[in-house]
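> what shape does this take:
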Amino acid sequence: MKGDEAAAERYAQAIFELARDSGRLEKVTSDLARLAETFSASKALENALENPVVLAPQKEAILREVCGRLAADELVLRSALVMSQRGRIGALPEVARSLEQMADSVLGIERAEVTTAADMDEAFYSGLEAGLSRSRGKRVILRRRTDKSLIGGAVLRVGGRTMDHSVHSHLKRLEHELLTQALAAKA
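Now for the predicted structure:
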């Protein structure tokens, strides 16, 4: 596992340097993240690209098709092809994470995540992103998730902090307070 992490770091560093030097760091980082998400979300794709029975030309055709559909930068395609040829395509999600961290550091970007009970309109997300960017003093990129168990409200994670303003957590706190009061009344 340690070797896989080191290999992922080396691939990310090489991609970072090529993308930065060509002025395409932000696009390459975004495109590689989308490719990694696609790879992780599709077991069929992951199995085909990691299966030793599938021949290299078939894997190349698959990667070209997927990268074409994503309109991925040529550097992303070339990197994925090299990783596939060297049997390292399984490290793609880790390479994307490492590249994102390197790029964010250079580009002054901070990542945040908001989880809501249902999809919100675009104005909500763009307003939240703009407000966070102002308050953090740097560009914030917001990842969006939905979790119906929240019932309502939102959970925001940014800069190592979690702000939970969901109905679910309010109900849990209320339940805890009521149980504490009931136990105190019995004592």
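> how close does residue 129 sit to residue 79?
Going from residue 129 to residue 79 by Cβ to Cβ, to the nearest Å gives 28 Å. (Each C-beta comes from the backbone N, C-alpha and C, glycine too.)
> and residue 68, by the same measure?
15 Å.
> the two: which is more packed in?
Ranked by neighbour count (other Cβ atoms under 10 Å), residue 68 and residue 79 place residue 79 first, with 27 against 10.
> spatially nearest residue to that one (excluding sequence neighbours)?
residue 15 (5.2 Å; Cβ to Cβ, 6 or more residues apart in numbering).
> next, the residue nearest to residue 116 when sequence neighbours are not counted: secondary structure please.
Once flanking residues are discounted, residue 116 sits nearest to residue 154: 4.8 Å by Cβ to Cβ, 6+ apart. Using DSSP: H, G, I helix; E, B strand; the rest coil, the structure places residue 154 in strand.
> list the contacts of residue 154.
Contacts for residue 154 (Cβ atoms under 8 Å, 6 or more residues apart in numbering) come out as 114, 115, 116, 117, 165, 166.
> are any of the residues you listed buried, and which?
Among the contacts of residue 154, those buried by neighbour count (16 or more other Cβ atoms under 10 Å) are 114, 115, 116, 117, 166.
> got JSON lines for the residues you listed, with secondary structure too?
Formatted as JSON lines, the buried ones among the contacts of residue 154 follow (three-state DSSP):
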{"residue": "114", "secondary structure": "strand"}
{"residue": "115", "secondary structure": "strand"}
{"residue": "116", "secondary structure": "strand"}
{"residue": "117", "secondary structure": "coil"}
{"residue": "166", "secondary structure": "strand"}
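> okay if I get the residues you listed as a markdown table plus pLDDT and distance to residue 53?
A markdown table is the format used below for those (pLDDT from 0 to 100; distance: Cβ to Cβ, whole Å):
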| residue | pLDDT | distance to residue 53 |
| --- | --- | --- |
| 114 | 97 | 42 |
| 115 | 97 | 39 |
| 116 | 97 | 43 |
| 117 | 94 | 44 |
| 166 | 94 | 46 |
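> good, we can wrap up now.
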